[in-house]
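1. give me a model of this one.
(4 chains)
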Number of protein chains: 2
Amino acid sequence: MSGPTSSTANAGTVSRVNQTAILDVLRRHGPLSRQEIGARTGLSAATVNRLAGQLLRKGLVVTDGHQPSTGGRPSILLRYSGRAHLVSVVHVGATRTEGALVDFDGTIVHRVRPPMVPGVLHAADRATIRLEEALSVVTELGAAAAERGQPSQAVGVAVPGVVDGAEGRVTWAPALDWREVPVGSVLHDRTGLPVVVENDANLLAVGEHRRGAGQGVQDLVAVVLGTGIGVGIVTGGRLHRGSRAAAGEIGYMLMERSSLTRFFPGFGDLESRVGSAGLTRQARERGIVAPADRPLTAADVFDLVRNGSAEARALLEETLDHVALAVANLCTVLDPELVIVGGEMGGAADLITPGLRDRLVGRIPHVPRMAASALGDDAAIVGAAELAARLVSDFAYVQATP
Amino acid sequence: MSGPTSSTANAGTVSRVNQTAILDVLRRHGPLSRQEIGARTGLSAATVNRLAGQLLRKGLVVTDGHQPSTGGRPSILLRYSGRAHLVSVVHVGATRTEGALVDFDGTIVHRVRPPMVPGVLHAADRATIRLEEALSVVTELGAAAAERGQPSQAVGVAVPGVVDGAEGRVTWAPALDWREVPVGSVLHDRTGLPVVVENDANLLAVGEHRRGAGQGVQDLVAVVLGTGIGVGIVTGGRLHRGSRAAAGEIGYMLMERSSLTRFFPGFGDLESRVGSAGLTRQARERGIVAPADRPLTAADVFDLVRNGSAEARALLEETLDHVALAVANLCTVLDPELVIVGGEMGGAADLITPGLRDRLVGRIPHVPRMAASALGDDAAIVGAAELAARLVSDFAYVQATP
DNA sequence: GAGTACAGTATCAGCCTGATAGAAAACTCC
DNA sequence: GGAGTTTTCTATCAGGCTGATACTGTACTC
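-> Below is the predicted model of the structure:
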């Protein structure tokens, strides 16, 4: 923080800001004529025309037919289009790694799924395996993009763990056994592209915020129910990361007074009660067995509930109690407009969100809207693509200082 | 949201942004020469000189002697100074109303304390009394400012309740019996000045962030322990208000699983367990009596603890347990760098913060720094002054989008 | 087919920044 | 004490951007 802070502006900044304003209004309000853009942004016709020309040349805006004339010359409609630009995204997960080429519209145009390595979950060198896998996926994506004649412009990495965003370093990702892994700089050195690395719950929130169930919402919380539990937080339209990028790690939330006298080495209080790992453990303890001859999964428990199993129902209710407490506390702290339920258990949102709502009504002053993830398994990928795209668009906006 | 979004920029915006950059660097790094300002901001010497001239003329920057020469012409040091500009602030509380003239440096230069109205706490028309009181305080402050030859430039109002910030309307402030009271527009009509109305816990956080224990910190939480409990949240250097301005109303936090089967009409779960009201109620239930012949206060309980009362100590420990749970959950959700303890009970921070720390170590992954409020009773007033000052400075800054 | 209404384009003044050159102020050396 | 040196501050001007104005282009209507 000793160098120039570079929070200054010049004529070029003005241009970038206004281009961003035009892109924003096009993304939000569909195809518009130059006139309408001017009316909505407050920019003069000349400025809109010139900037729109630049954006057309860059390929970020395309013409989209004419508007029927209202007596005079019909206007040409302009539409935002990210199809001409691609970014590479890799989602490194505990069970598998997945890659995708995503355009600036958030559309996945190509996928890479490396074969699953048997036994990797408990392999001693799984950290190295996962890292190598991620590198080769990014290389493959880069080649696929080049083949299309649209070279990848940035890389996004989704990781289930704590990430130092500025450095692109994964501080701690237990599911991958990654500790202080500098994925960002490794990938930057390998590809020469700008790289963004981010926690996958945060990215799910970003993805849903920009392209999913949370579009247009300024304050939302995405609850990711998977092996563990985590949340991504968007406040004021921006991702909230916290001082050490550990915001939303609510697996460590304390659930009752007695939690203050217990110790939680390596795992959290809430995490041990909910999440598919906790769920299946408790299910086994209660004698619930999988229908087929294989380890019980969370999906099995949900199926049992749907089929009327009383034990499974009781277990679900107990889990929901804990999730509801966590969500209630999230809501009192953050006052979000929307709570999105996603992750591995997001598919069971029909069983989860009504249960949450019922528990919260009457207990907290205002129960926010609740929705299931609209992007499903791809939410984190889409979120990572969004951040990566922003990285290269390099636009800016001006904000008052309230 | 149908009008022009006005997120565009022009040459004037550039100037304002750069002026803000200069003020920022002056506030942060003390008196600087024009040269140093240029080096730190990246602005050219000519620009720094011209903008500094404008700021000198406005009185926001003053000269502050010379720097010893290093061989050539010695440079003139410039310093930020808010002394030439005043704002009026009124803190409307349950027990009393307090007014102050505050300069842009955050220094309180004049106070107005209207006489306490006996019995107002339970008067049927206390809403009207409090509003009239606030209006007359603001009028008096305006007169006092005019008398000094520095007319008040804006009004800040601190209220213990939920505030619709854009409208300056108090949605719900039980302590004042205010419901949908449009303080903002009333005061604007009365004074002709811009007005900002904000929740007092939020303002305490802002005050401590800009002028108190949280200077230089980007993510902090201020826990206000008073009649009830609330928190103010600063994320990324900005106040987080939530979608309905109810963020931080953690009095409604649910403390255990059984809370999900109880109802909380008009008060919250946590609130009923902590806060001076809950504390004294529980003290009475346990047979703790005030030393003198008057109603027991929270301060009395703290005194008893300091004097070695076992009952009072046990009660404090129980209260601390609940506060610690709330703070633990705040920390897992937000990952703040600093937790500030303030409010009526802030004076007993010596009893509170160590207790909190002990309870959290080992239970959550990272216990943030904790500090007592540095501004004490004036924190909310200073925070309101800060927001009011920003309102008229009307500066802006440019931000990248990610 | 002329007139009209609206969309898009060119031109220019005004503002701001940054570069360059020049004036001002203090120190040093003779 | 005065000239030279060093550094700071200021004036002037080119370049970029916006916004206003005037102009051209296109399709509909009478």
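2. can you map out the helices along the stretch 101-250 of chain A?
-> Assigned by DSSP state H, counting those that start in this stretch, the helices in the stretch 101-250 of chain A fall at A:126-147, A:183-191, A:200-211.
3. let's have the ones you listed in TSV, adding mean neighbour count, distance to DNA strand D and mean pLDDT.
-> For every residue, glycine as well, the C-beta is placed using N, CA and C. Rendered in TSV, the data for these read as follows (neighbours: other CB atoms under 10 Å in any protein chain shown; distance: least, CB to the nearest atom of the strand, whole Å; pLDDT from 0 to 100):
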stretch	mean neighbour count	distance to DNA strand D	mean pLDDT
helix A:126-147	18	29	94
helix A:183-191	18	28	95
helix A:200-211	29	25	95
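4. tell me where the stretch 251-400 of chain A has helices.
-> With DSSP H, counting those that start in this stretch, the ranges of helices along the stretch 251-400 of chain A come out as A:269-273, A:275-285, A:298-306, A:310-334, A:349-360, A:379-393.
5. thinking again about what came up before, export the helices of the stretch 101-250 of chain A to JSON lines and append columns for distance to residue A:306.
-> JSON lines is the format used below for the helices of the stretch 101-250 of chain A (distance: least, CB to CB, whole Å):
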{"stretch": "helix A:126-147", "distance to residue A:306": "34"}
{"stretch": "helix A:183-191", "distance to residue A:306": "39"}
{"stretch": "helix A:200-211", "distance to residue A:306": "25"}
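6. residue contacts, residue A:153?
-> Taking CB atoms under 8 Å, 6 or more residues apart in numbering or on different chains, we find residue A:153 in contact with A:85, A:86, A:87, A:193, A:388, A:389, A:392.
7. list the buried ones in stretch A:234-245?
-> Buried residues in stretch A:234-245, defined by neighbour count with 16 or more other CB atoms under 10 Å in any protein chain shown: A:234, A:235, A:236, A:238, A:239, A:240, A:241, A:242, A:243, A:244, A:245.
8. just stretch A:65-85 next, same as before
-> Buried residues in stretch A:65-85, defined by neighbour count with 16+ other CB under 10 Å: A:75, A:77, A:78, A:80, A:81, A:82, A:85.
9. from these, which are also near DNA strand C?
-> Filtering these for proximity to DNA strand C (criterion: CB under 7 Å from any atom of the strand) leaves residue A:75.
10. quick check: of the buried residues of stretch A:65-85, which lies closest to residue B:377?
-> In terms of CB to CB, no member of the buried residues of stretch A:65-85 lies closer to residue B:377 than residue A:80, at 51.7 Å.
11. and the residue in the stretch 101-250 of chain A positioned nearest to DNA strand C, how far is that from residue A:37?
-> Relative to DNA strand C, the nearest point of the stretch 101-250 of chain A is residue A:105 (22.4 Å; CB to the nearest atom of the strand). Residue A:105 is 19 Å from residue A:37, where distance means CB to CB, to the nearest Å.
12. which residue does chain A have closest to DNA strand D?
-> The nearest approach of chain A to DNA strand D comes at residue A:73, 2.7 Å away (CB to the nearest atom of the strand).
13. name the SS class of that residue, please.
-> Three-state assignment for residue A:73 (DSSP: H, G, I helix; E, B strand; the rest coil): coil.
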